[in-house]
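Q: Fold the following and give me the result.
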Amino acid sequence: MEQLTTYRAKGKEIGLVFLFKYDLNGNLKLFEISEGELNNEQMKWLFSPNFPANENIIKTIWSKDKKYTKVFDIEKSPADLSFDALWNLYGYKESRKDAEKFFSKLKEADVIKCFIQVPKYKKKIALTGIAQALLGTWLNKQRYNDEY
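A: Below you'll find the model as predicted:
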């Protein structure tokens with residue numbers, strides 16, 4: 001399962017709630033109007049240059065610019081970057097203790113890189129027929145730095 005950071009933008013007076021979900025590279029993966037319905041004026045405003053098509057826009061503009069903060073309350077739910085989430089994403093569940101040991105030594109930037117690279121790695125081994133390494137080995141050998 002892909003790790004997504006979720007931003008919930010709740011209208012202070014307009015009764016709308018928007019959900020924006022971004023992958024670990026900051027690309028918009030899902031947009032949802034979870035409460036309320038847009039009228040024509042709101043549609044024109046939202047689906048214009050105001051739309052946060054990448055995470056940088058919602059972080060630097062929607063969350064800080066008074067034009068937006070007076071209209072919306074923005075709540076951020078970070079992606080789950082825990083060992084358990086990586087363990088489940090990796091799928092080859094042997095030698096957990098070793099994997100946890102190597103995972104605990106990673107810097108946050110490398111943890112994020114792991115979540116980005118695991119799906120690419122799994123796709124490559126499926127195409128080539130190469131056996132999947134244990135997660136602990138994959139982490140210890142810094143295979144998340146490989147180009148897949």
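Q: my read is K21 is in a strand, agree?
A: Yes - under DSSP: H, G, I helix; E, B strand; the rest coil, K21 falls within a strand.
Q: what bridges to it?
A: Beta-bridge partners of K21, counted by DSSP bridges, are T6, L30.
Q: Return the longest helix belonging to the chain as PDB; C-alpha atoms alone will do.
A: Criterion DSSP state H: the longest helix present in the chain is helix 108-128. Written as PDB, here are the backbone C-alpha positions of helix 108-128 (Å, rounded to 0.1, in the frame of the first residue of the first chain):
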ATOM      1  CA  GLU A 108      14.200   9.800   7.900                       C
ATOM      2  CA  ALA A 109      15.300  10.700   4.400                       C
ATOM      3  CA  ASP A 110      16.400   7.100   3.900                       C
ATOM      4  CA  VAL A 111      13.200   5.700   5.400                       C
ATOM      5  CA  ILE A 112      11.200   7.700   2.900                       C
ATOM      6  CA  LYS A 113      13.500   6.500   0.100                       C
ATOM      7  CA  CYS A 114      12.800   2.900   1.200                       C
ATOM      8  CA  PHE A 115       9.000   3.400   0.800                       C
ATOM      9  CA  ILE A 116       9.500   4.900  -2.600                       C
ATOM     10  CA  GLN A 117      11.900   2.200  -3.800                       C
ATOM     11  CA  VAL A 118      10.200  -1.000  -2.500                       C
ATOM     12  CA  PRO A 119       7.400  -1.000  -5.100                       C
ATOM     13  CA  LYS A 120      10.000  -0.500  -7.800                       C
ATOM     14  CA  TYR A 121      12.200  -3.300  -6.400                       C
ATOM     15  CA  LYS A 122       9.300  -5.700  -6.200                       C
ATOM     16  CA  LYS A 123       8.400  -4.900  -9.800                       C
ATOM     17  CA  LYS A 124      11.900  -5.500 -11.000                       C
ATOM     18  CA  ILE A 125      12.300  -8.900  -9.300                       C
ATOM     19  CA  ALA A 126       8.900  -9.900 -10.600                       C
ATOM     20  CA  LEU A 127      10.100  -9.200 -14.200                       C
ATOM     21  CA  THR A 128      13.600 -10.700 -13.800                       C
END
